[in-house]
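> Got a sequence here, can you model it:
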Amino acid sequence: MEASKFLLSGLLLTVCALIFQLVGLASPNWITTYVRGVKLQIGLWKLCAKVRKRNWCLEHKDVRDFLEPVRATAIVGFISLLFALVLIILKIFVMKDKKNILFVAIGSTFVGAFFILVSIADFARKIDDDFNSDGEELEYDFSFAFALCIIAMLSSLSAGAVMIADAVKTG
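A predicted model of the protein is given here:
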């Protein structure tokens with residue numbers, strides 16, 4: 001039996017979600033702000049500053065407490081997507097007649113999307129609280145890495161929905 005178009009689409013969407021999440025996690029550019037004329041780019045792992053056409057990046061040695069849960073949930077989302085990818089590949093190439101593997105892969109894509117959503121929401125809430133806590137409102141913009149994690153979440157949800165359509169169709 002050949003793999004259905006729905007299952008292949010689910011595989012492609014899961015690969016896209018995994019790549020977007022990996023790039024979003026690794027990038028030092030979740031938000032951008034200007035403090036006293038210095039451009040700051042803040043990510044989960046690094047803080048970069050652009051001063052007089054020179055870039056300086058520092059790793060978060062003493063991680064602020066609010067970054068640890070964001071990192072953890074984003075990584076759990078990434079691992080769930082990786083697990084779903086392995087299961088989908090197993091379903092397509094090795095265990096073609098096993099329906100349970102497809103259901104676990106569907107669940108794993110939705111779990112990955114959930115954890116990515118939690119990390120995104122937690123980061124946005126805590127950044128807003130942190131930047132506006134002392135009465136002075138600092139302006140900031142969410143950057144491309146933050147958007148890539150949102151796209152990864154949406155791609156993961158789409159992959160789960162497409163695989164549900166495959167399960168219903170072949171059911």
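> What segments of the protein are helices?
5-26, 67-93, 99-131, 144-170 (DSSP state H).
> For those helices, give me JSON lines that also has mean pLDDT.
Shown next, in JSON lines, are the helices of the chain (pLDDT from 0 to 100):
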{"stretch": "helix 5-26", "mean pLDDT": "94"}
{"stretch": "helix 67-93", "mean pLDDT": "93"}
{"stretch": "helix 99-131", "mean pLDDT": "90"}
{"stretch": "helix 144-170", "mean pLDDT": "93"}
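> Next, format those as JSON lines and append distance to Arg36 and mean neighbour count.
Backbone N, C-alpha and C define where each C-beta goes, glycine included. As requested, these are exported to JSON lines (distance: least, C-beta to C-beta, whole Å; neighbours: other C-beta atoms under 10 Å):
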{"stretch": "helix 5-26", "distance to Arg36": "28", "mean neighbour count": "20"}
{"stretch": "helix 67-93", "distance to Arg36": "23", "mean neighbour count": "19"}
{"stretch": "helix 99-131", "distance to Arg36": "15", "mean neighbour count": "19"}
{"stretch": "helix 144-170", "distance to Arg36": "23", "mean neighbour count": "20"}
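> Could you export those as CSV, including distance to Lys50?
Converted to CSV, the helices of the chain look like this (distance: least, C-beta to C-beta, whole Å):
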stretch, distance to Lys50
helix 5-26, 19
helix 67-93, 21
helix 99-131, 19
helix 144-170, 16
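> Can you say which of the ones you listed is nearest to Ile42?
Counting by C-beta to C-beta, Ile42 lies closest to helix 99-131 out of these; the figure is 8.0 Å.
> chain center to the closest one, what's the gap?
The chain centroid and the centroid of helix 99-131 are separated by 7 Å under C-alpha atoms, centre = their mean, to the nearest Å.
> same deal with stretch 144-151?
With C-alpha atoms, centre = their mean, you get 7 Å for stretch 144-151.
> Identify the residues contacting that stretch?
Stretch 144-151 is contacted from outside by 17, 20-21, 23-25, 27-31, 43, 74, 116, 119-120, 123-124, using C-beta atoms under 8 Å, 6 or more residues apart in numbering.
> cutoff 6 Å now
The contact list for stretch 144-151 (C-beta atoms under 6 Å, 6 or more residues apart in numbering) reads 20, 23-24, 27, 29-30, 116, 120.
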